[in-house]
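Novice: please work out how this folds:
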Amino acid sequence: MTSKKNLEQLILTEIENGVGKEDLIRNLIFAGWSYRDVSKTLERLNAKGHIPAEFWTRHSVGRVVREPSYQSVGQSFPNASTQTLNAQKKRRMAMVFLGVFVVVCVAVYGVFFFISHSPRFLLKKTISLLPSLTSVRYVGIVTIAPSSDAFAQKIFSDKEVVIMVNGIARFIPGQNPQFSSTLSLGRGDVPAGVIGMWDATVLFPGNGEWYERLNSARPWENEMVLDDVYGRWVSMNNVTSSAQSSILAPPALFKAGELLSSFSSDTISLIRSDVASLGVNDSVVRVGTEKESGVALTHLAFHLSPTKARNLFGKWVGTFQGDFINALVEGEWHIWIDDTFSVWGLSIRNQEGSVRSIDMRFGQRNTVNALSVPPAVLSLEAFEGKVKIMEQE
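Specialist: As a prediction, this is how the structure comes out:
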């Protein structure tokens with residue numbers, strides 16, 4: 001009731017001050033009254049005869065909007081000018097906050113973009129995703145310094161050794177790992193594409209055994225008749241050294257065969273965990289962006305953290321202590337990754353030691369079919385029986 005009386009008194013006071021209908025209604029709405037309350041109060045006052053007839057057509061003097069005389073009725077409502085000023089202040093304040101918000105968002109995005117595209121972040125992200133790989137196809141070349149090993153001397157004499165590899169690997173969770181690779185050995189002083197003086201395919205189907213198929217062994221062809229053993233799978237378990245078996249593989253391959261055939265699903269799980277925590281030093285460099293098959297690849301160069309790397313490689317490939325592990329730990333690593341952090345290429349350069357370089361390319365990720373045991377396998381004894389040693393004159 002008090003509110004109605006106050007509005008009535010306010011309207012009558014403004015009418016006496018010469019304010020017209022339109023200006024009065026506008027001022028009261030600016031002051032916070034509802035249009036419904038104002039119009040009903042005017043109707044009520046008009047019905048009582050308190051509003052002069054000229055009010056309805058009156059124009060305010062000079063068309064200036066006057067402030068309602070709130071103080072005359074003991075009210076403290078904001079006037080139109082104050083209301084307009086406050087609205088302007090609010091708009092300015094809103095624009096300031098909006099500007100600050102935009103600046104903060106841009107800054108946060110800039111920081112995130114910089115961090116997410118920094119070489120170290122890209123490398124760590126790539127390493128963290130490696131354990132999710134279930135299969136991959138690979139090709140590569142390994143260059144080794146001249147070796148005094150009898151097998152290497154047979155093929156390479158004192159020349160640099162070049163090993164070409166082409167194979168697949170499967171790491172399905174809950175299953176034993178599977179590997180298959182064709183190895184071609186040749187001399188580093190011959191034109192590219194001529195290597196292949198010794199060529200064999202090795203297979204690890206995940207059953208705890210491994211097999212080899214000898215494709216060619218040129219240096220031995222003047223000493224042995226090998227036609228009956230070329231292209232035949234041989235069981236390589238518990239192989240003992242003999243004149244016939246010496247052509248099957250270099251000593252390092254025998255070591256690798258024993259190691260890989262012993263890997264189980266639990267072994268791979270542990271290796272996945274160790275690889276995810278593999279450390280790198282701070283000098284990760286973005287070499288540039290290169291294209292391969294139309295895909296933009298980021299080229300990164302770095303060195304591994306020596307302590308973590310040596311512990312990791314020593315733990316899982318300790319059979320190859322020496323120059324091979326030194327090459328992995330001390331060599332300069334290069335990788336090529338796409339925007340999904342998949343590794344397309346790997347290169348390791350080593351200035352010292354016997355392993356000079358390792359260059360690999362990867363593809364067909366997570367799409368490789370399971371490998372199976374060869375249908376017909378020769379025992380080592382059967383293989384040796386088919387190798388005919390030529391009589392020396």
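
Novice: going forward, measure contacts between C-alpha atoms and count neighbours the same way
Specialist: OK.

Novice: can you tell me the SS state at residue 370?
Specialist: Of the three states, residue 370 takes coil under DSSP: H, G, I helix; E, B strand; the rest coil.

Novice: residues contacting it?
Specialist: 170, 178 (CA atoms under 8 Å, 6 or more residues apart in numbering).

Novice: not counting sequence-adjacent ones, nearest residue to the residue most central in space within the chain?
Specialist: Taking CA atoms, centre = their mean as the criterion, residue 341 is the residue nearest the geometric centre of the chain, at 3.2 Å. Leaving aside its chain neighbours, residue 341 sits nearest to residue 126 (5.1 Å; criterion: CA to CA, 6 or more residues apart in numbering).

Novice: now whichever strand or helix holds that neighbour: buried residues?
Specialist: For residue 126, the element it lies in under DSSP states H and E is helix 119-129. Applying a neighbour-count criterion of 16 or more other CA atoms under 10 Å, the buried positions in helix 119-129 are 119, 120, 122, 123, 124, 125, 126, 127, 128, 129.

Novice: what mean pLDDT does it have?
Specialist: What helix 119-129 shows for mean pLDDT is 83.

Novice: gap between that helix and the chain center?
Specialist: Relative to its chain's centre, helix 119-129 lies at 6 Å (CA atoms, centre = their mean, to the nearest Å).

Novice: next structured bit after that helix?
Specialist: Assigned by DSSP H and E, the successor of helix 119-129 is strand 135-144.

Novice: got the contact list for that next one?
Specialist: 160-172, 188, 354-368.

Novice: how about residues contacting stretch 261-271?
Specialist: Contacts for stretch 261-271 (CA under 8 Å, 6+ apart): 171, 173-177, 204, 206-210, 316.

Novice: may I ask which of those residues has the most neighbours?
Specialist: residue 177 (28 neighbours; other CA atoms under 10 Å).

Novice: would you confirm that it contacts residue 134?
Specialist: No: at 9.4 Å, residue 177 does not count as touching residue 134 under the criterion of CA atoms under 8 Å.

Novice: can you give me the buried ones in stretch 4-22?
Specialist: Those would be 6-15, 19-21, for stretch 4-22 by 16+ other CA under 10 Å.

Novice: circling back to that earlier point, mutual contacts of residue 177 and residue 134, please.
Specialist: 170, 171.

Novice: okay, the buried residues of helix 119-129 in JSON lines with distance to residue 337 next?
Specialist: Converted to JSON lines, those look like this (distance: CA to CA, whole Å):
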{"residue": "119", "distance to residue 337": "11"}
{"residue": "120", "distance to residue 337": "13"}
{"residue": "122", "distance to residue 337": "9"}
{"residue": "123", "distance to residue 337": "9"}
{"residue": "124", "distance to residue 337": "12"}
{"residue": "125", "distance to residue 337": "11"}
{"residue": "126", "distance to residue 337": "8"}
{"residue": "127", "distance to residue 337": "11"}
{"residue": "128", "distance to residue 337": "13"}
{"residue": "129", "distance to residue 337": "12"}
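
Novice: just the closest of these to residue 276, please.
Specialist: residue 128 (4.8 Å; CA to CA).

Novice: contacts only, for the closest one.
Specialist: Per CA under 8 Å, 6+ apart, neighbours of residue 128: 275, 276, 277.

Novice: can you tell me which of the residues you listed has the most neighbours?
Specialist: Counting neighbours by other CA under 10 Å, residue 275 comes out on top of the contacts of residue 128 with 19 neighbours.

Novice: what strand or helix carries that residue?
Specialist: If you go by DSSP H and E, residue 275 is part of helix 265-276.

Novice: where do the strands of the chain begin and end?
Specialist: 135-144, 161-170, 178-187, 198-204, 211-217, 224-225, 233-235, 285-292, 295-302, 332-337, 343-349, 355-363, 377-378, 388-389 (DSSP state E).
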